[in-house]
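>>> sequence and predicted structure, then a few things I'm wondering about:
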Amino acid sequence: PRRTRIPHLHAFKESGRRWAMLTAYDTYTAEIFDEAGIPVLLVGDSAANNVYGYENTLPVTVEELLPLVKAVVRGARSALVVADLPFGSYQTGPEQALGTAFRFLKEGGAHAVKLEGGARFAPQVEALTGSGIPVMAHLGFTPQSEHALGGFRVQGRGSAGDQLVADALAMQAAGAFAVVLEMVPAEVAKRVTAELAIPTIGIGAGPDCDAQVLVWSDMAGMNRGRKPRFVKQYADLGATLLDAARRFDADVRGGHYPADEHSYT
Ligand code: KIV
Ligand code: NA
């Protein structure tokens with residue numbers, strides 16, 4: 001299959017075709033999601049929690065994310081691979097954003113980058129897109145601003161809805177090719193989706209976005225902790241893996257593994 005490219009995503013919006021995005025952090029998951037036909041894979045800074053075991057996304061670094069981007073790019077034959085810019089790697093200004101994004105494209109092999117924030121980050125988005133780097137924006141609940149936002153809360157309720165629409169329009173005007181909407185009221189996401197020419201990608205943003213994204217470990221039950229309301233779990237890989245590990249352990253302790261068929265004469 002052909003590589004998914006940004007014009008395909010824009011054509012999907014024009015024709016009303018919905019599409020899915022998943023996070024991926026390694027080659028095997030990237031291969032599987034690619035084979036499933038997921039057109040866009042995000043190497044999210046959610047790797048902070050889901051790979052590295054941090055409490056939130058703030059501590060994860062470019063150095064920690066780059067190897068994951070490389071691994072996902074190697075596994076993704078058709079999917080467009082988006083690399084998340086981590087906290088502190090683009091906020092100080094366009095120059096910093098460019099420096100970080102160049103690394104994800106040159107060293108990581110990513111096809112696009114994502115950053116959190118609205119109109120205030122238009123200079124970063126303009127600098128990146130002006131240098132040939134496609135940018136996905138991320139609005140609503142932006143986990144890198146968890147402390148400023150007062151924790152995990154729905155964003156854009158009431159009069160904040162107008163601000164969210166304005167931020168989305170500012171990102172589009174700055175050249176973003178898509179906008180993630182995280183934890184915003186369904187009605188607000190619907191409004192943003194109608195007003196933008198570029199696709200919206202919802203996560204906890206109701207049914208009217210052009211696309212939907214989930215963190216793969218939430219979607220597949222690898223994350224066995226508390227899950228937010230917006231997560232739908234499609235598999236219980238955590239339970240499957242726990243059972244496999246227990247049976248392997250029991251086989252080894254009981255002398256049932258390896259058997260003759262696993263041994264060399
Ligand atoms: O890091 C991430 O996984 C994300 C998605 C939830 C959009 O930013
Ligand atoms: Na992220």
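Arrived safely, thanks for sending. Ligands and ions are numbered 1, 2, ... in the order given.

>>> ok, now which ones touch residue 13?
197-199, 210 (Cβ atoms under 8 Å, 6 or more residues apart in numbering). Using the backbone N, CA and C atoms, a C-beta is placed for each residue, glycine as well.

>>> can you do 10 Å?
Going by Cβ atoms under 10 Å, 6 or more residues apart in numbering, residue 13 touches 19, 178, 193, 196-200, 210-211.

>>> so it lies in a helix, does it not?
Yes. Secondary structure assignment places residue 13 in a helix (DSSP: H, G, I helix; E, B strand; the rest coil).

>>> helix/strand/coil for the residue nearest to residue 51 when sequence neighbours are not counted?
The spatially closest residue to residue 51, leaving aside those adjacent along the chain, is residue 25, at 5.0 Å (Cβ to Cβ, 6 or more residues apart in numbering). Secondary structure state of residue 25, per three-state DSSP, is coil.

>>> surely residue 25 is in contact with residue 60?
No. The pair residue 25 and residue 60 does not pass the contact test of Cβ atoms under 10 Å, sitting 11.0 Å apart.

>>> shared neighbours of these two, anything?
44, 46-47, 51-52, 68.

>>> distance to residue 31 added to the residues you listed, as JSON lines?
Putting the shared contacts of residue 25 and residue 60 into JSON lines (distance: Cβ to Cβ, whole Å) gives the following:
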{"residue": "44", "distance to residue 31": "18"}
{"residue": "46", "distance to residue 31": "20"}
{"residue": "47", "distance to residue 31": "17"}
{"residue": "51", "distance to residue 31": "17"}
{"residue": "52", "distance to residue 31": "22"}
{"residue": "68", "distance to residue 31": "14"}
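
>>> quick one: buried ones out of these?
44, 46-47, 51, 68 (16 or more other Cβ atoms under 10 Å).

>>> of those residues, which ones also sit close to ligand 2?
Checking those against ligand 2 by Cβ under 5 Å from the ion, the ones in range are residue 44.

>>> ok, and for the helix ranked longest in the chain, which residues are buried?
In the chain, with assignment by DSSP state H, the single longest helix is helix 237-254. Judged by neighbour count using 16+ other Cβ under 10 Å, the buried positions of helix 237-254 are 237-238.

>>> list the residues that contact residue 229.
Residue 229 makes contacts with 154, 183, 204, as judged by Cβ under 10 Å, 6+ apart.

>>> can you tell me how far the residue in the stretch 51-200 of the chain positioned nearest to ligand 2 sits from residue 126?
Using Cβ to the ion, residue 84 is the residue of the stretch 51-200 of the chain that sits closest to ligand 2, at 4.5 Å. The gap separating residue 84 from residue 126 is 19 Å, by Cβ to Cβ, to the nearest Å.

>>> okay, and residue 157 sits in which element?
With secondary structure defined by DSSP states H and E, residue 157 is part of neither a helix nor a strand.

>>> that one reaches residue 188, doesn't it?
Yes. Residue 157 is within contact range of residue 188, at 7.8 Å (criterion: Cβ under 10 Å).

>>> I'd like to know how many residues surround residue 230.
15 (other Cβ atoms under 10 Å).

>>> please name the nearest non-neighbouring residue to it.
residue 204 (3.3 Å).

>>> understood, closing this out.
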